[in-house]
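Participant: A structural model of the following input is requested.
(chains A, B and C)
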Amino acid sequence: MLHLLTDPFRVVFMQRALLELILLALVSGPCSVFVLLRRRAFMAEALTHTVFPGIAVAFFLGQSLLLGACVAAIASVLLLGVGWRDGRVDHDGFLVVIISAFFAVGVVVVSRGHSFASDLTALLFGKILAVNRAELVATFVIACVVVGLLVVVGKELIAVAFDPVVAVAWGLPVRFLDVVLNVVIALVVVASLKAVGTALVVALVVVPGAIARLCSARIGWMMVIATVSAAVCSWIGLAASYDASLHHGIRLAAGATVVVLLTMTFAMVAAVTAVMRVRDATP
Amino acid sequence: MSRADVALQLDDVTVAFDRDVVLEGVTGTVNAGGSLALIGPNGAGKSTLIRAILGLVPVERGTVTVLGRTPVAARLDVAYVPQGDALDSEFPVTVAQVVLMGRYRRIGWFRRPKNSDRAIAMAALEQVGLAPRAGDRFGILSGGQRQRVLIARAIAQQARLLLLDEPLNGVDATTHDLLLEVLATLRSEGVAIVMATHDLSVAHLACTDACLLNRHQFAFGPIDETLTAPTLRKTYGAHAVLLAGDSTIVMPR
Amino acid sequence: MKHFLDVMSTALMHRALLEAVLVGALCGAVGVHVVLRKQPFFALTVAHATFPGVVLAEIAGLSFLVGGAATASLVTIAVFVGSRDPRFDSNTVVGIVLSGTFAAGVLLLSARAGGAKDLSAFLVGSILTVDHRDIVATLFAGGVIVLLLAAFHKEFVFGALDPVGARASGIPSAIDLLMMLLIASAVVVALPVVGTMLSVALLTVPALAARLWADRVTSTVAVSAAIGAASGVIGLCVSAQFQIAAGGAIALSACAVFVVSLLIAPRSPFAQHVRHGLRQLGATGRSRLDVRGDA
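Facilitator: Next up, the predicted model:
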């Protein structure tokens, strides 16, 4: 049984894929806990869509996709950081306009190219098995930056998430902290592009934190659980997609397999904890 | 009295939102170890005055001086306990973590809480009688216990001025008595207290001075001189009901 | 220009225009409720959730409408139930369901032999391939949606403005579920026009723009439907002229209308700020002149 989980990783490209996904788990785990606490799931989704035109333009111009993604991420973080405080067009509405506009620009740019369908697929869903050494290094650098930022502002972010009113009274720069969190989310999104693509990356920054919250109400433990669940799902998902295509003739997209596993884990943990709650309640 | 003993100095403080004057001409001082009750009906500007002292709303006219500095410069030495139950009861923090948050601004960016910070937080929790609950999740506490934790967070901040918005609203009898005791202890240590309340008995029990507000200031001074039937009637208008003798009942709006 | 006129005069283009107008108007009308209920993220999720259904229907040889409607309804119910857990805000639940269903669609598609050739049509629409049956389906579904919107109008509006009060006055929470299902239906109907990724644009942006022009719910619905239909026509023309993806062009047209509304609409906060600023500038300019006059 265990060899199903180890055998696939004798191949170099599978080792690289696993290393990439574990690096991502190390950043997306803690990041997803902050996304949950500060209620930024929608913002995370918005950033995944707004990064898309950057990649599309870079692809079209033959530039580095990572560069394009970074430019688009910075632009959208700044735009969304300006924020919106008005009753008629609320913050979520403002986000949707930006999402729609950015994503539509991406689609329009890609549609001007020659191989529209296959290009769109690669950009949206990633190609984890084609990760190369340079991309691994880039992911590592981004991971270091993300962990560094979270260490610097972590306790302040938690204080703001818990009690925004008093945080303002203490003089904590709430808006600046939110921009930092947006930068962190954007960096995780950019780093995950190759692995799961823009359309699925939101899973990495939302689901692990939610799994962790089901298991624990301690922030420290939640970070550990989120990271471990992301890493384990990546491992099993990669192995499963490899095994399915090699031995059963079913091609399963690796990135999508990982994401499906993550959401299934959430559903299972939710079911188990719900049953345990009911059992605790009825003596 | 030397300037160092003045915790809060208000001088003709006037606040306006979009040219709508919501608070006008508040003038008075609170000394170190003193305590001021802000009294007035809902919408009188009590919370606005507190926000002005915190430097969260700009004053249109006049000055707010906190511990000899501007409100923004004095923030580290000002603790604030807001009104009510607005906090997310499912938020995954322990009671001890909430109290420790009171230390965060003193700890500063980058650094993690030290053992001395944890000791101060535990002592504050001890003071409000909740040390045995330190490891529990904040959300499972009762309303009165949560209020005690938030006061402990303010104590842990080791501020020189404590601002409270309706601190004893809807708390149980134990919490009520315990918090009055805690506030008295803090004052004996030289902490100045400003609390917004519309409970006159709380004002009498906890405060030496009172400021009667309804858009503008009706009285400011020692509580026995200011909390009188005529000034209350002026402040509350038709909502004050005079009973036999000198006691006034204020009908909350 | 001649090429443009040639393209616009084909029967294919006429069908596409008709479909764009119908879907644009329908999404505009439903979108007002999406915006009132602050559920744009939910609309986004339902749009993503149609994806596995569309792929399944394609494999089974069924109409995409059937598959899309099936998974969209399932997900709607999952979000409705899951949002009741107090530990998570609804956006977190929505985010989990969104990524899970979308990944399931990608998995199904990758497992199917033949790979990704039709993917772009699902994702960003293929309005130029709509036929008569699609238009009839749109008309039918749109008619049902509009009828339900009209029948339960006051309950929907009450529930959006004051959920607790609506519950207290005896309006069942099933009305919220019905609204979510209507949003899901509109998303499915919009699939051939703008695809899964961009249907949220038609479902929210016209309504957001309309709020800047109108201040009653009914008039907002009318303005929003008009903006939706206009976005469909403008986007289609632009896409024919510059040979770009129609779905993207339609979404961008809606966004352009929003930006224009932001600049000139009477109720736009931005326009109000500018007017206020100009007035103040005028006032200070005058007072400066006065001072100079005194000196």
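
Participant: Please list all residues in contact with residue C:102.
Facilitator: A:199-200, A:259, C:48-49, C:51-52 (Cβ atoms under 8 Å, 6 or more residues apart in numbering or on different chains). C-beta coordinates here come from the backbone N, C-alpha and C atoms, glycine included.

Participant: no no, residue C:59
Facilitator: Contacts of residue C:59 by Cβ under 8 Å, 6+ apart are C:108, C:112.

Participant: Any buried residues in the host helix or strand of it, and which?
Facilitator: Element membership for residue C:59 (DSSP states H and E) is helix C:40-60. Buried residues in helix C:40-60, counted by 16 or more other Cβ atoms under 10 Å in any protein chain shown: C:40-58.

Participant: low pLDDT regions in the stretch 151-283 of chain A?
Facilitator: A:283 (pLDDT under 70).

Participant: Check what pLDDT residue C:288 gets.
Facilitator: At residue C:288, the model reports a pLDDT of 42.

Participant: re earlier: reformat the contacts of residue C:102 into CSV and put distance to residue B:193 next to each item.
Facilitator: Supplementary listing: the contacts of residue C:102 in CSV, determined by distance: Cβ to Cβ, whole Å:
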residue, distance to residue B:193
A:199, 55
A:200, 54
A:259, 54
C:48, 53
C:49, 55
C:51, 59
C:52, 60
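
Participant: now, which of those sits nearest chain B?
Facilitator: Nearest to chain B out of the contacts of residue C:102 is residue A:259 (Cβ to the nearest Cβ; 24.4 Å).

Participant: still on that earlier bit, show me which of the buried residues of helix C:40-60 neighbour chain A.
Facilitator: C:40-41, C:44, C:48 (Cβ under 8 Å from any Cβ of the partner chain).

Participant: Among those, find me the one that's closest to residue C:158.
Facilitator: Closest approach to residue C:158 among these (Cβ to Cβ): residue C:40, at 20.6 Å.

Participant: which residues does the closest one contact?
Facilitator: A:92-93, A:95-96, C:34, C:200, C:203-204 are the contacts of residue C:40 under Cβ under 8 Å, 6+ apart.

Participant: One more pass at 7 Å, please.
Facilitator: A:92-93, A:96, C:34, C:200, C:204 (Cβ atoms under 7 Å, 6 or more residues apart in numbering or on different chains).

Participant: swap in residue B:176?
Facilitator: residue B:168.

Participant: quick one: low-confidence ranges for the stretch 1-150 of chain A?
Facilitator: Using pLDDT under 70, the flagged stretches of the stretch 1-150 of chain A are A:1, A:81-89, A:114-120.

Participant: Can you name the residue of it nearest chain B?
Facilitator: residue A:37 (7.2 Å).

Participant: re the thing from before, among the contacts of residue C:102, which are within reach of chain B?
Facilitator: The subset of the contacts of residue C:102 lying close to chain B, counting by Cβ under 7 Å from any Cβ of the partner chain, is empty.

Participant: Let me know the closest of those residues to residue C:77.
Facilitator: Distances from residue C:77 to the contacts of residue C:102, taken by Cβ to Cβ, are shortest for residue C:49, at 10.9 Å.

Participant: Can you tell me how far the closest one is from residue C:124?
Facilitator: 17 Å (Cβ to Cβ, to the nearest Å).

Participant: What parts of the stretch 1-150 of chain B come near chain A?
Facilitator: Near chain A, when you scan the stretch 1-150 of chain B using Cβ under 7 Å from any Cβ, you find B:54, B:56, B:72, B:75, B:80, B:82, B:86-87, B:91-93, B:101, B:104-105, B:109-110, B:137.

Participant: Are any of those buried, and if so which?
Facilitator: Buried, going by 16+ other Cβ under 10 Å: B:54, B:56, B:75, B:80, B:82, B:87, B:91-93, B:101, B:104-105, B:137, out of the residues of the stretch 1-150 of chain B next to chain A.

Participant: Give me the distance from the helix holding residue C:59 to the chain's centre.
Facilitator: Helix C:40-60 has its C-alpha centroid displaced from the chain centroid by 15 Å (Cα atoms, centre = their mean, to the nearest Å).

Participant: how about low-confidence regions in the stretch 1-150 of chain B?
Facilitator: Using pLDDT under 70, the flagged stretches of the stretch 1-150 of chain B are B:1-4, B:84-85.

Participant: Look at whatever residue of it ends up closest to chain C and tell me its secondary structure.
Facilitator: Across the stretch 1-150 of chain B, no residue is closer to chain C than residue B:90, which sits at 4.6 Å (Cβ to the nearest Cβ). Put simply, residue B:90 is coil when judged by DSSP: H, G, I helix; E, B strand; the rest coil.

Participant: wait, doesn't it sit right on residue C:88?
Facilitator: No: at 8.3 Å, residue B:90 and residue C:88 do not qualify as touching, with contact defined as Cβ atoms under 7 Å.

Participant: sorry, back to before: would you reformat the contacts of residue C:40 as a markdown table and include secondary structure and distance to residue C:273?
Facilitator: Below are the contacts of residue C:40 laid out as a markdown table (DSSP: H, G, I helix; E, B strand; the rest coil; distance: Cβ to Cβ, whole Å):
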| residue | secondary structure | distance to residue C:273 |
| --- | --- | --- |
| A:92 | helix | 21 |
| A:93 | helix | 18 |
| A:96 | helix | 22 |
| C:34 | helix | 26 |
| C:200 | helix | 28 |
| C:204 | helix | 23 |
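
Participant: Helices along the stretch 51-200 of chain B, start to end?
Facilitator: B:95-101, B:104-107, B:115-127, B:143-156, B:173-188, B:200-206 (DSSP state H, counting those that start in this stretch).

Participant: Comparing these, which comes out most buried?
Facilitator: helix B:95-101 (a mean of 25; mean count of other Cβ atoms under 10 Å in any protein chain shown).

Participant: which residues sit against that one?
Facilitator: Looking at helix B:95-101 with Cβ under 7 Å, 6+ apart, the contacting residues turn out to be A:159, A:162, B:113, B:117-118, B:121, B:124-125, B:130, B:133-136, B:138, B:141, B:149, B:152-153, B:156.

Participant: Quick one: name the residues of the stretch 151-283 of chain A near chain B.
Facilitator: So the stretch 151-283 of chain A meets chain B at A:152, A:155-156, A:159, A:162-163, A:165-166, A:168-171, A:213, A:217-219, A:222 (Cβ under 7 Å from any Cβ).

Participant: Now list the buried members of these.
Facilitator: A:155-156, A:159, A:162-163, A:165-166, A:168-171, A:213, A:217-219, A:222.

Participant: List just the nearest of these to chain C.
Facilitator: For those, the nearest to chain C is residue A:213 (5.6 Å; Cβ to the nearest Cβ).

Participant: Could you verify my assumption that the closest one touches residue A:223?
Facilitator: No: Residue A:213 is beyond contact range of residue A:223, at 11.2 Å (criterion: Cβ under 7 Å).

Participant: Could you say which helix or strand holds residue 48?
Facilitator: Answering for chain A, as no chain was given. helix A:41-61.

Participant: oops, chain B please
Facilitator: helix B:46-53.

Participant: Sounds good, over and out.
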